[in-house]
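Colleague: sequence first, then the predicted structure, then my questions.
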Amino acid sequence: MKIIGVIPARYKSSRFPGKPLVDICGKPMVWWTYQQAIQVTEFDEVYVATDDQRIFDTCIELGVNVIMTSEDNKTGTDRVGEVARKIPADIIVNVQGDEPLMAPETIRAAILPMIDDPSIQVTNLMARITDPVELINSTIPKVITNKDNIGVYMTRAAAPYPKGSIDYPFYKQICVYAFRTDALAFYCEYGKNYGKAKIEAIEDIELLRFIENGYKIKFMEVEVESLAVDTPNDLDKVRSIMAAKIKAGEISNH
């Protein structure tokens, strides 16, 4: 069984242009994410997938495996799908390029269920929400599952609504996705033929395309030390965390 990790890296981010190349303690952010991913023992190969020559050249300079992809990809998952068409594999894992603190063990949590159960087509991670601000933050997708942790719905709203009791754990999406080849091919072909699915377009959450079309997504609960870099303020926080880790000898920027 061949398993590859793919890190989509787009320069033209609407909220934070040039984000993959921002400096964090002497190295670009995409380098840090790559260093985390290559520690996942299940990966046979890890690639950065980009449509930007600046990112491509930086990866080559730093010894990072990189593949140039089309500018026409509508989503990061479409970009991962293009890599999957070029490099045959049984399981393809989308590791978000703006998660430089994502621990290898967290990434593994999305892979192991697919190795153990061949019927699982798609996995994603979720973490319990402990900060009430995150519950009402529309940039953070919330996850609703059934008793078997199969995804029922994903939303940017605070849901489900606790009508009877507030003693209920809410969960947020952690953006590591694993796909079997056929499921990923479905996602890409659907997009080419129809564009986004109905609710996917409303919520702007990619994985809803699978739920709307009858695919089961297995969600794995994880405890994470992670921070997605969506804003310059997030970047400042990550820089501080990285600097402390380097000073403590926990990680190296060489």
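Modeller: Perfect, I can see it now.

Colleague: can you give me the strands in the stretch 151-254 of the chain?
Modeller: 151-155, 171-180, 217-221 (DSSP state E, counting those that start in this stretch).

Colleague: these into CSV, with extra columns for mean pLDDT?
Modeller: As requested, these are arranged in CSV below (pLDDT from 0 to 100):
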stretch, mean pLDDT
strand 151-155, 97
strand 171-180, 94
strand 217-221, 97
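
Colleague: quick one, which of those is nearest to residue 234?
Modeller: Among those, the nearest to residue 234 by CB to CB is strand 171-180 (13.8 Å). Using the backbone N, CA and C atoms, a C-beta is placed for each residue, glycine as well.

Colleague: packing partners for that closest one?
Modeller: Counting contacts by 3 or more CB pairs under 8 Å, 6 or more residues apart in numbering; DSSP states H and E, strand 171-180 is packed against helix 76-86, strand 91-95, helix 104-116, strand 122-128, strand 142-145.

Colleague: so where do the helices sit in the stretch 151-254 of the chain?
Modeller: Secondary structure of the stretch 151-254 of the chain (DSSP state H, counting those that start in this stretch): helices located at 181-194, 198-203, 208-212, 232-247.

Colleague: and the first one, what does it pack onto?
Modeller: Helix 181-194 makes packing contacts with helix 76-86, strand 91-95, helix 208-212 when contacts are defined by 3+ CB pairs under 8 Å, 6+ apart.

Colleague: tell me which of those is the most buried.
Modeller: The highest mean neighbour count among those, using mean count of other CB atoms under 10 Å, belongs to strand 91-95: a mean of 25.

Colleague: which residues sit against that one?
Modeller: Here strand 91-95 makes contact (CB atoms under 8 Å, 6 or more residues apart in numbering) with 1-8, 33, 36-37, 43, 46, 76-77, 80, 83-84, 102, 107, 110-111, 114-115, 175-181, 184.

Colleague: between it and strand 171-180, how many degrees?
Modeller: For strand 91-95 against strand 171-180, the angle by axes from the mean of the first three to the mean of the last three CA atoms, to 10 degrees is 140 degrees.
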